[in-house]
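> got a predicted structure plus its sequence, pasted below:
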Amino acid sequence: MILERYLCVKQKGPLRWISWTGSICEHMIECHDISFQYPGADATLFQRLDLTIDRAGFHALFGPSGVGKTSLARIISGDIEGFSGGVKIAGDRPCLYTHNRERLPGWSPVGRHLEKTTPAGRHTLRDELIDGFGLSELMGMRYSQLSMGQCNRVNLLRYLLQDFSLLIMDESLANVDEPTRQAILYTIKTTFPEAGFFYISHNVVEVCRFCDRIVVFRGAHQSPQILQVGGQDHYADHPLDKAALERSMLEVINAA
Amino acid sequence: MLHRRILQFLIVYLLGVGLLLTLKLALGLSDYVIPGPASVWHTGQSEFLRYAGDVLDTFGVAVVGQVLSIILATAVGVAGRRATWLGSFIKVAAYNVQAYPIVAIAPILFILLGDGFLTRLFIAAMICYFPLLLSVIGIMSEPVADIEHFYRVTGRLRWQLEVKIRAFENLHKLTTVISGSATLAMAGTIVAEFIAANAGIGYSIRIALYQSDLAKILVALFIIGITLSLYQGLLEMLGTGVKKAWAAG
């Protein structure tokens, strides 16, 4: 049986959905020939950049600050227009971008906000994620009463409850302690095996351990601008190959 | 908040009266030009009730004018918050029209509408409308990106929610602007009464001016100041109460 798939195409304009009847999209994401320069900037950020991720899963955008991780994420999600080239995302649901500076409105408690923003039929998932993210105790509190790590966890949780083909998490777990971050990443990977994720982080151990593909940004003046390195894509119930993890880390550091 | 407002007014008022008395003593001016404290006190005793009634009359017009301005400025500000052609037009028009002194067109209103309630109301509303409008447009056209992002990307950002987010995040600014516009509304009404009306404290001040009776003017200023301080203090308390109630869900 051939499934009807949809391709979301964004090319310097509004979002368009193109039906590919009888044809299955080969890649989860394709960025082709992307060039971009911020208005008023002296230098080009991306020059004919190509990126292909062949399958859904948990992937990373990695690199030092200022090399364009967030910019590429915003181009992919449609936040930035005015670039040349094309972006194609497989799947019939939208691509969402979330970052660690987002806030919830202050007029209702966290629990009520999550209740209002949870789509129909996902209340069980919401309750599971609240437990998995260690947020059960905070549901009666206001956003302004939470710590920065708690804020980031709540924000990420509400995105995970939405419809998406690809979720880009831009330092979404910043200020969260190490064990909780690990537990959350394992929860996300096991709960959403069919979805695509881009995880932006500066933690080389973390991205090498949890991510399948690591897109390493090398700066605007290096060619190629990005390189892909394989990660360990580790799950909680699998043994971790420490030697392979160290090799991944070395590759990432060398690529950067 | 309320007592602070009253205290601030009393300090400013006493400083002003003190300056006048210093001038009187320094220049050796007669009681006819600047009356002594006893004369002001006696005038206060005899005129207080009449002037208090006049101030309340003026205050009533100013409050109605201010409420009308707030409603209109909110409606136009919400409509003009978008970066559309209409939004830009409303902003440019508001900036240009507010630059024109409303008091200068007051005589036209008196000629057209007479010297009754409606003219005073209209002038009061016009004087506090444009500063309010500019503030509301400024607040409403400034996105609260870190809150609105989620609603925008998930397709939930309706205009009502957008306005709610921006109003909540800027409630302190809005309260300050509304509180400040009370002074403008009161000043507008008094100026209107001073120009041509036949009622209100502005009219009484005009009569006192014709009589060259500074004591009456000082008494009128005292009652106006106390009334405005009370009103502004109450508006600030109301703003704080609304913010607390809103935040408490």
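Now that the structure is in, tell me what you want to look at. Residues are numbered from 1 along each chain as shown, chains lettered A, B, ... in the order given.

> by mean pLDDT, flag the weakest helix or strand of chain A.
When the helices and strands of chain A are scored by mean pLDDT, DSSP states H and E, strand A:16-20 comes last with a mean of 40.

> check chain B too.
helix B:85-98 (a mean of 75).

> before we move on, back to that, next secondary structure after the least confident helix or strand of chain A?
Using DSSP states H and E, the next helix or strand after strand A:16-20 towards the C-terminus is strand A:29-36.

> kindly list the longest helix within chain B.
helix B:37-79 (DSSP state H).

> now for the most far-flung residue of chain B relative to its centre: which residues touch it?
No residue in chain B sits farther from the centre than B:Thr154, which is 41.4 Å out by Cα atoms, centre = their mean. B:Thr154 sits next to A:96, A:117, A:162 when contact means Cβ atoms under 8 Å, 6 or more residues apart in numbering or on different chains. For glycine as for every other residue, the C-beta is placed from the backbone atoms N, C-alpha and C.

> with B:Ile90 instead?
Applying Cβ under 8 Å, 6+ apart, the residues near B:Ile90 are B:76, B:79-80, B:137.

> can you do 10 Å?
Contacts for B:Ile90 (Cβ atoms under 10 Å, 6 or more residues apart in numbering or on different chains) come out as B:76-77, B:79-82, B:84, B:133, B:137.

> still on that earlier bit, near chain B, which of the contacts of B:Thr154 show up?
Of the residues in these, proximity to chain B by Cβ under 10 Å from any Cβ of the partner chain holds for A:96, A:117, A:162.

> quick one: secondary structure of the first one?
Classification of A:Leu96 by DSSP: H, G, I helix; E, B strand; the rest coil places it in strand.

> list the beta-bridge partners for it.
Beta bridges link A:Leu96 to A:Leu167, judged by DSSP bridges.

> just give me the neighbour total for it.
21 (other Cβ atoms under 10 Å in any protein chain shown).

> doesn't A:Asn155 make contact with it?
No - A:Leu96 is beyond contact range of A:Asn155, at 11.7 Å (criterion: Cβ atoms under 10 Å).

> checking my notes, A:Val215 in a strand, right?
Yes - counting by three-state DSSP, A:Val215 is found in a strand.

> contact partners for it?
Contacts of A:Val215 by Cβ under 10 Å, 6+ apart are A:31, A:51, A:53, A:59-63, A:69, A:72, A:198, A:200, A:207, A:226-229, A:255.

> inside helices: which ones of these?
A:69, A:72, A:207, A:255.

> which strand or helix spans B:Leu118?
Counting by DSSP H and E, B:Leu118 is part of helix B:117-140.

> and that helix, is it in reach of chain A?
No - figure legend: helix B:117-140 not in contact with chain A (Cβ under 10 Å from any Cβ); closest approach 15.7 Å.

> what is the subsequent helix or strand relative to that helix?
Following helix B:117-140 in sequence, per DSSP H and E, is helix B:145-153.

> list the buried ones in the next helix or strand after that next one?
Scanning forward in sequence from helix B:145-153 by DSSP H and E, the next helix or strand is helix B:159-169. Within helix B:159-169, the residues that count as buried by 16 or more other Cβ atoms under 10 Å in any protein chain shown are B:162-163, B:165-169.

> and helix B:159-169, how far out from the chain middle?
25 Å (Cα atoms, centre = their mean, to the nearest Å).

> anything in it near chain A?
Yes - using Cβ under 10 Å from any Cβ, helix B:159-169 reaches chain A at B:161, B:164-165, B:168-169.
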